[in-house]
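> Just need the structure, nothing else, for what follows:
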Amino acid sequence: MLVMTMKRLQMNLVFLGYDTGGIDGKKGVKTKKAIRDYRISRGLGDSEIADQKMIDCIRAEIIEIQKKIGANPDGVAGNETIAKKEEYDKKVKNYGWDNVKHFKKSEFNCKCGCGLNNMNLNVVQIADQIRDYFGKPCIVNSGSRCSKHNKSVGGVSNSRHLSGKAIDIYIQGISGNTLLSYTKQLVNQGKLRYTYLISNSNAVHIDIL
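Numbering: from 1, shown residues only. Sure thing, here's the model as predicted:
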């Protein structure tokens, strides 16, 4: 069992975007609220108790981020991780549609025709990498989705397509299993959060945190 001091818990929660009112090792009002907000957002229940399940969830989430930004994957948002994250965010901020090699922005528009395109360029950058790896045309089945279109295609209510963090793609002349094998490698490298083969097709779903 892995334990976590209150200061370390506060450090990690702040890193993940929660206001603990400071990193002082005290479980004050704001820290209690941060714990509750985190638990609710991750489906861990409405409570102010940072139990083992929550601690394990936080560590796993930070390790995934650390893998992606190139920091030591120890599950602790220390100075090195914070610096690496700032460096990574700066690099991503300077990455625009003009830097995308193989896709047009319109390819990721919501397929219902509403014009929504809220794509996160981090996942588009991964799609570029996949296209480079296979060297063949890569087709976008689904990028951005408005809530109405997401419902009409049977998407889950918290689909990452809604926030522009997911893409469904296939590659001409490449089997779905071959594509999936590669995207699973990207998951293991921390570049993707999740991937799976879409039923009855050669298309693969990829998404990021």
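> By mean pLDDT, which helix or strand of this structure comes out lowest?
helix 79-93 (a mean of 87; mean pLDDT, DSSP states H and E).
> Now tell me what touches the very next helix or strand once past that helix from outside.
Counting by DSSP states H and E, the element after helix 79-93 in chain order, helix or strand, is helix 121-134. The contact list for helix 121-134 (C-beta atoms under 8 Å, 6 or more residues apart in numbering) reads 92, 95-97, 100-103, 108, 137-138, 140, 164-167, 169, 171, 174, 179, 182-183, 186, 191-192, 206-208. Where C-beta positions appear, they are placed from N, C-alpha and C, glycine not excepted.
> try 7 Å this time
For helix 121-134, the surrounding residues in contact (C-beta atoms under 7 Å, 6 or more residues apart in numbering) are 92, 95, 100-103, 108, 138, 165-167, 169, 171, 174, 182-183, 186, 191-192, 206-208.
> What subset of these is buried?
Neighbour counting with 16 or more other C-beta atoms under 10 Å marks 100, 103, 108, 138, 165-167, 169, 171, 174, 182-183, 186, 191-192, 206-208 as buried within the contacts of helix 121-134.
> Point out the ones among those that are inside strands.
Judged by DSSP state E, the buried ones among the contacts of helix 121-134 include 138, 166-167, 169, 171, 206-207 as members of strands.
> what packs against the least confident helix or strand of the chain?
Packing contacts for helix 79-93, counted by 3 or more C-beta pairs under 7 Å, 6 or more residues apart in numbering; DSSP states H and E, involve helix 52-69.
> how distant is stretch 175-194 from the center of its chain?
Centroid separation for stretch 175-194 versus its chain: 14 Å, with C-alpha atoms, centre = their mean, to the nearest Å.
> Give me the buried positions along that stretch.
Going by 16+ other C-beta under 10 Å, stretch 175-194 has these buried residues: 176, 179-180, 182-183, 186-187, 190-193.
> from the ones in strands among the buried ones among the contacts of helix 121-134, which single one is nearest G45?
Using C-beta to C-beta, D207 is the member of those that sits closest to G45, with 24.5 Å.
> Skipping adjacent residues, who's closest to the closest one in space?
Nearest residue to D207 in three dimensions, chain neighbours excluded: A166, at 3.8 Å (C-beta to C-beta, 6 or more residues apart in numbering).
> pLDDT below threshold where in this structure?
Under the criterion pLDDT under 70, the flagged ranges of the chain are 1-3, 94.
> tell me the domain ranges of it?
Domain ranges of the chain: 6-93, 97-207, per automatic domain parsing.
> hang on, the earlier thing: so who does the residue nearest to D207 touch?
123, 159-160, 205-207.
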